[in-house]
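Student: After the sequence you'll find the predicted model.
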Amino acid sequence: MSGQTGVAVAEVAQRIQADADLAALIPAIGNQVRQAAVCLAQDDLNQLGQLMTQTHLQLARLGVSSEKLDQFVQTANQAGALGSKLTGSGLGGCMIALVNDQASGQRVDEALQQIGARQTWQHWFKEDMN
């Protein structure tokens, strides 16, 4: 299922109207995004992974995740990811997991496939881009 940005935004707006406590999640997620940028600048992958997972949990509370995506995130983290979260606008079926080495990446990949991931990709960033 592909994501539907307009539908996701409308559903979040409805949820926030029905439950004012959910409105506090929006600035909290924004703050986590700013913290993630700092983590990237400082090469702090462990903290970045934690932020990813925290953000996923908040996005799930807002209703833009799904049971399957939540299961994928939990499985990836249990298999050795530093953190993971849904990606895209929500209401789709794509997530991203952060690992610090290829062995962890392979374990996460295999664990996700075992629970029904249709496709997985691994991308490794080069240490030296020169």
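Tutor: Cool, got the structure. Bear in mind that the values here come from a model prediction, so they are computed numbers and not experimental data.
Student: Can you tell me who the residue nearest the centre of the chain pairs with across the strands?
Tutor: Centroid check for the chain by Cα atoms, centre = their mean gives residue 85 as the closest residue, at 1.1 Å. Residue 85 forms beta bridges with residue 96, as assigned by DSSP bridges.
Student: Residue 29 versus that one, what's the distance?
Tutor: 10 Å (Cβ to Cβ, to the nearest Å). Placement of C-beta: from N, CA and C, glycine included.
Student: what residues are shared contacts of those two?
Tutor: Residues within reach of residue 85 and of residue 29 at once, by Cβ atoms under 8 Å, 6 or more residues apart in numbering, are 55, 59.
Student: quick one, what contacts residue 35?
Tutor: 47, 51.
Student: Please identify the helix or strand for residue 12.
Tutor: helix 5-18 (DSSP states H and E).
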